[in-house]
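Trainee: A predicted structure for the sequence below; I have some questions about it.
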Amino acid sequence: MKKSLVFVLLLVSFIGFAQENEAATAPIILKKLFYQQSVLFGDYSVKFSELLSDSRCPIGVTCIWAGEVVFTVTVSKNDTIISSETFKIPPTNYTDKERKVLTLENGLTLCLYNVMPFPTAEKKIATKEYYLQYTDAN
């Protein structure tokens with residue numbers, strides 16, 4: 001009995017030590033850019049300028065097509081518009097490689113993750129409630 005108990009304890013301890021240790025990755029902290037608002041990056045201003053469409057299937061509804069959200073981001077430098085880009089984001093989770101990227105002239109990169117809030121069947125979203133989730137990295 002004692003031998004089998006010792007064997008079980010050794011087996012459990014070996015299994016615990018045999019597991020691989022993975023380095024923890026830092027969480028991504030998303031920033032918010034509200035509709036018709038701008039954020040400054042030195043001489044550059046990035047504005048969530050237009051919400052063209054939000055056809056994402058609302059929570060609580062069964063849809064044939066998942067839909068997408070389409071929006072425009074305008075980049076200005078010293079109060080002069082230098083570019084305006086339109087992006088489409090699907091409602092499903094996608095990988096870091098698939099995320100939308102906006103690169104400014106000075107090398108600053110904005111990673112665009114999502115447009116929130118996500119539609120629901122119970123409530124119509126006012127345009128002013130929308131915001132763009134992003135991160136910035138050099």
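Mentor: In hand now; what should we look at?

Trainee: Count the residues that sit near residue 37.
Mentor: When neighbours are counted by other C-beta atoms under 10 Å, residue 37 registers 14. Placement of C-beta: from N, CA and C, glycine included.

Trainee: Isn't it up against residue 48?
Mentor: Yes: at 6.3 Å, residue 37 counts as touching residue 48 under the criterion of C-beta atoms under 8 Å.

Trainee: Which neighbouring elements make contact with the helix or strand where residue 132 lies?
Mentor: Here residue 132 is covered by strand 131-137, with elements defined by DSSP states H and E. Using 3 or more C-beta pairs under 8 Å, 6 or more residues apart in numbering; DSSP states H and E, the elements in contact with strand 131-137 are strand 31-34, strand 109-116.

Trainee: which parts of whichever helix or strand comes after the first one are buried?
Mentor: Going back to what we said before, that points to strand 31-34. Counting by DSSP H and E, the next helix or strand C-terminal to strand 31-34 is strand 38-41. Going by neighbour count (16 or more other C-beta atoms under 10 Å), the buried part of strand 38-41 is residue 39.

Trainee: same thing with stretch 127-138?
Mentor: Residues of stretch 127-138 classed as buried by neighbour count (16+ other C-beta under 10 Å): 130-134.

Trainee: Residue 101 is nearest to which of the helices and strands packed on strand 131-137?
Mentor: Residue 101 lies closest to strand 109-116 among those, at 5.7 Å (C-beta to C-beta).

Trainee: partner strands of the closest one, parallel or antiparallel?
Mentor: strand 100-103 (antiparallel), strand 131-137 (antiparallel) (DSSP bridges).
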